[in-house]
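Colleague: Below: sequence and its predicted model.
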Amino acid sequence: MTQQTPPQWYKSAVFYELSVRTFADGNGDGKGDFPGLTGKLDYLRTLGVDCLWLLPFFPSPLRDDGYDVADYTNIHPDLGTMEDFQFFLNQAHARGLRVIADLVTNHTSSEHPWFQAARRGPTLPDGSPNEYHDYYVWSDTGTEYAGARIIFTDTETSNWTRDEACGRFYWHRFFSHQPDLNFDNPKVIEEILDAARFWLNTGLDGFRVDAVPYLIEREDTNCENLSETHDILKKMRRMVDEEYPGRLLLAEANQWPEEVAEYFGTEEDPEFHMCFNFPVMPRLYMALKKEDTSSIREIMDRLPEIPSFGQWATFLRNHDELTLEMVSDDERAFMYAAYSPDTRMRINVGIRRRLAPLLNNERRRIELLNSVLLALPGSPILYYGDEIGMGDDLGLADRNGVRTPMQWNAGISGGFSTSWPSDCFFPPISDPVYGYQRVNVQSQERDPGSLLQWTSRQLEARRQHPAFAHGDLKFVDTDNASILAFTRSHDNETLLIVCNFAANAQAATLDLGEHVGRTPVTLSGASPFPAVGEGPYTLMMGRHEYYWFRLN
Ligand SMILES: OC[C@H]1O[C@H](O[C@H]2O[C@H](CO)[C@@H](O)[C@H](O)[C@H]2O)[C@H](O)[C@@H](O)[C@@H]1O
Ligand SMILES: [Ca+2]
């Protein structure tokens, strides 16, 4: 498939993030698997997404939902075999769907054979050097790199843990069972590049590369975004461009605009094709609660120019908490108060809830944020289940409450598995509001007014208008901070997007001086609005209403 593929396919793609383990169970053991996922490819095609992002599916003790990798070049036995994976990938490609996977570069599981070998110390009993010891970052005192923050603040008190077998401390930016790899060791870089090659050889379309800012540590720094880290990532990009042209690298760098933009590299020395736009995400929610969109505009204006091959990845929710790392202390306090009334909803530096519950299960709010997500510059990434308005389970530990089984129908275990709910990997949600009996794919497929069908129609509208994927962004001045208005222009087309973030009807005047004489026509229904004249353009908008116009 990648042979005939336009090299920048990712710029017009809509992505869909899912966990094989909780999407569909093909053999009835209560755990999702590749055969189950293969059976759902037609659903995904009909929904209208273009590329699947699979959460880690490798052998793992699953103490961090698979981000603790114990073998980079195999499939977790619960999820199927390599043959199942290859069949799935071929079937996805046959339907025009691309597939990317997580590449967890920064660390391994402590159960990885490399770490088990490393624990034997720098020297083996026969006096020879233990090459695996140097695969990880060690210290005799555990006092180095004191400038590095702790990321999993709820569970970890230090980035160093003493290994009793070895008698030395090892470095970890995440859980203590996730020792950081030593990227100052060229062998480690080669191991990770070889793991990437292994999957790219299957025809995989690329990677979402996990936790990229933390590869290298240096004294007297915060050990994030170091130039040596960028050098390694550029090497990865060169390997991909030379050996697998057309495949994608997407960076997970949860950083401020100036730092995250560095992960694109330059035209001459490229790094990632795509980077998540972490800074804009919490501001979409904040704008909704404050009924003030100025922070969205400010942060978008703060994004540096990116190279011509680059594309942002936008998202509302993912498998982690709604991270509040990229906001000020005051904004974080506001977000916690606004969106996590129950302290069980808080974890680390964020909020562990799904999209629908965050938005009070209000359809107009859900549509509004999705309409902004699909219209802002970047390729949108939908999180599985959000297209039907799934809820979360606060009773599950860590971030697992937002990782419950996909709800396919009202049958046993929501159609996820033929197993009894209590035998499923996580129990399917069954409460009266968000339970599978009420919220499921099958019923929404039969309901033309459902969120599922609305989402599918929006994706189709987006596909029909390349300005969404490729257009320049220009904010339109308004006299009402609740109204976010912007244009996206590409070739001969200009789209005008207007969104009311207030919970009441609003009037706004827009400065459309650049477009005098043109007529806004709605994309859905093709209704013409009054032509733009010389003076301000007045619009009345219902609560949480949005318009997608084409300026004719
Ligand atoms: O592999 C460790 C973790 O890596 C990713 O973490 C990211 O999520 C954190 C919040 O859960 C975030 O604060 C951090 O900046 C990110 O790197 C991955 O998405 C996690 O699931 C994983 O635990
Ligand atoms: Ca199974």
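Modeller: Yep, that arrived. Ligands and ions are numbered 1, 2, ... in the order given.

Colleague: Could you use CA atoms for every contact and neighbour count after this?
Modeller: Will do.

Colleague: Can you report how many residues neighbour Asp231?
Modeller: Under the neighbour criterion other CA atoms under 10 Å, Asp231 is assigned a count of 14.

Colleague: Three-state assignment for it, please.
Modeller: The three-state assignment at Asp231 reads helix, by DSSP: H, G, I helix; E, B strand; the rest coil.

Colleague: Start the count at 201 instead of 1 going forward.
Modeller: That works, and once the first residue is 201, the last one we named lands at Asp431.

Colleague: For it, report the pLDDT, please.
Modeller: According to the prediction, Asp431 has pLDDT 98.

Colleague: From Arg438, how far off is it?
Modeller: Asp431 sits at a distance of 11 Å from Arg438 (criterion: CA to CA, to the nearest Å).

Colleague: Show me the strands in the stretch 351-500 of the chain, by range?
Modeller: Listed from the start of the chain, the stretch 351-500 of the chain has strands (DSSP state E, counting those that start in this stretch) covering 360-363, 368-371, 406-410, 448-451, 474-476.

Colleague: mind putting those strands in JSON lines, distance to ligand 2, mean neighbour count and mean pLDDT included?
Modeller: As requested, the strands of the stretch 351-500 of the chain are arranged in JSON lines below (distance: least, CA to the ion, whole Å; neighbours: other CA atoms under 10 Å; pLDDT from 0 to 100):
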{"stretch": "strand 360-363", "distance to ligand 2": "35", "mean neighbour count": "18", "mean pLDDT": "98"}
{"stretch": "strand 368-371", "distance to ligand 2": "35", "mean neighbour count": "21", "mean pLDDT": "98"}
{"stretch": "strand 406-410", "distance to ligand 2": "24", "mean neighbour count": "21", "mean pLDDT": "98"}
{"stretch": "strand 448-451", "distance to ligand 2": "29", "mean neighbour count": "26", "mean pLDDT": "98"}
{"stretch": "strand 474-476", "distance to ligand 2": "31", "mean neighbour count": "25", "mean pLDDT": "98"}
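
Colleague: As a markdown table, those strands with distance to Val641 would be great.
Modeller: Compiled in a markdown table, these are given as follows (distance: least, CA to CA, whole Å):
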| stretch | distance to Val641 |
| --- | --- |
| strand 360-363 | 45 |
| strand 368-371 | 44 |
| strand 406-410 | 27 |
| strand 448-451 | 29 |
| strand 474-476 | 28 |
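
Colleague: Can you give me every residue that contacts the nearest residue to Phe472 once chain neighbours are set aside?
Modeller: Of all residues beyond its chain neighbours, the one nearest Phe472 is Phe464 (4.7 Å), with distances taken as CA to CA, 6 or more residues apart in numbering. The neighbours of Phe464, taking CA atoms under 8 Å, 6 or more residues apart in numbering as the test, are Pro470, Glu471, Phe472, His473, Met474, Cys475, Ile506, Pro507, Gly510.

Colleague: How about Ser617?
Modeller: Listed by CA under 8 Å, 6+ apart, the contact set of Ser617 reads Ala224, Asp225, Gly226, Gly228, Asp229, Gly230, Lys231, Gly232, Cys624.

Colleague: Could you measure from the last one over to Asn227?
Modeller: According to CA to CA, Cys624 and Asn227 sit 12 Å apart.

Colleague: neighbour count winner among these two?
Modeller: Neighbours around Cys624 and Asn227, counted as other CA under 10 Å, are more numerous at Cys624. The numbers are 23 against 17.

Colleague: rewinding a little: nearest to ligand 1, of the strands of the stretch 351-500 of the chain?
Modeller: strand 406-410 (5.7 Å; CA to the nearest ligand atom).

Colleague: looking at this, Thr749 is in a helix?
Modeller: Slight slip there: residue 749 is Phe, not Thr. No. For Phe749, which was evaluated using three-state DSSP, the result is strand, with no helix membership.

Colleague: Now do the contacts for it.
Modeller: Counting by CA under 8 Å, 6+ apart, Phe749 touches Leu695, Leu696, Ile697, Pro720, Val721, Thr722, Leu723.

Colleague: excluding its backbone neighbours, what's nearest it?
Modeller: Residue nearest to Phe749 in three dimensions, not counting chain neighbours: Thr722, with 4.3 Å by CA to CA, 6+ apart.

Colleague: Residues of the chain that sit close to ligand 2?
Modeller: Selection of the chain residues close to ligand 2 by CA under 5 Å from the ion yields Asp225, Asn227, Asp229, Lys231, Gly232, Asp233.

Colleague: Please verify my assumption that the last one contacts Arg221.
Modeller: Yes. At 5.8 Å, Asp233 and Arg221 qualify as touching, with contact defined as CA atoms under 8 Å.
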